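S.K.: Below: sequence and its predicted model.
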Amino acid sequence: MEEKSEQNRYKYAHLLLGKARHLILSARQKELAPIRISSRQAYILYFLYHLGHKATVAELAADSDREKNTISLQMTIMAKDGLVRKIQEVPKSRLLSYELTEKGIDAYNQSKNSKTEKAIMTTLSKEECEQLILLLEKIVKKAEKYQ
């Protein structure tokens, strides 16, 4: 009976982790609605901004822990929205870079200070936050072994 209880505890922790992620992303999406970008776009704008405003899909994928095809699709959408511009590094080459446009920089600047994320995360004390970081890093490290 104890083993089943332990299994339920792990399942409950997993469900809570998923629920917290969903609710935080939902709150973030509401916050980003006025500037008309998604939370995924804000996430990529963050990395692109910190990579010197210009990067390849491979660089963005490596920094953001996303697959190249996922980043590539998102960059195509962001280019259509005018947030980034596609640059062919060498004529007739398949190597492409993406560069932030003025609109992309403005969107990044408007999105970089999330009030909802701060309000949610500051419910934890500094010590609790450090403990959460350690625990999540441990879970991520283990989960990466299954990728």
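M.R.: Happy to help now that I have it.

S.K.: can you pull out the helices in this protein?
M.R.: 2-32, 39-50, 57-64, 68-80, 102-111, 115-121, 126-144 (DSSP state H).

S.K.: what helices or strands is the third one leaning on?
M.R.: Secondary structure elements in contact with helix 57-64, counted by 3 or more Cβ pairs under 8 Å, 6 or more residues apart in numbering; DSSP states H and E, are helix 39-50, helix 68-80, strand 96-100. Where C-beta positions appear, they are placed from N, C-alpha and C, glycine not excepted.

S.K.: which strands and helices sit next to the longest one?
M.R.: What that stands for is helix 68-80. Under the contact criterion of 3+ Cβ pairs under 8 Å, 6+ apart, helix 68-80 touches helix 39-50, helix 57-64, strand 84-88, strand 96-100.

S.K.: contacting residues around the residue most central in space within the chain?
M.R.: Among the residues of the chain, the one closest to the centroid is Y43, at 4.1 Å (Cα atoms, centre = their mean). With Cβ atoms under 8 Å, 6 or more residues apart in numbering as the criterion, the residues that contact Y43 are S64.
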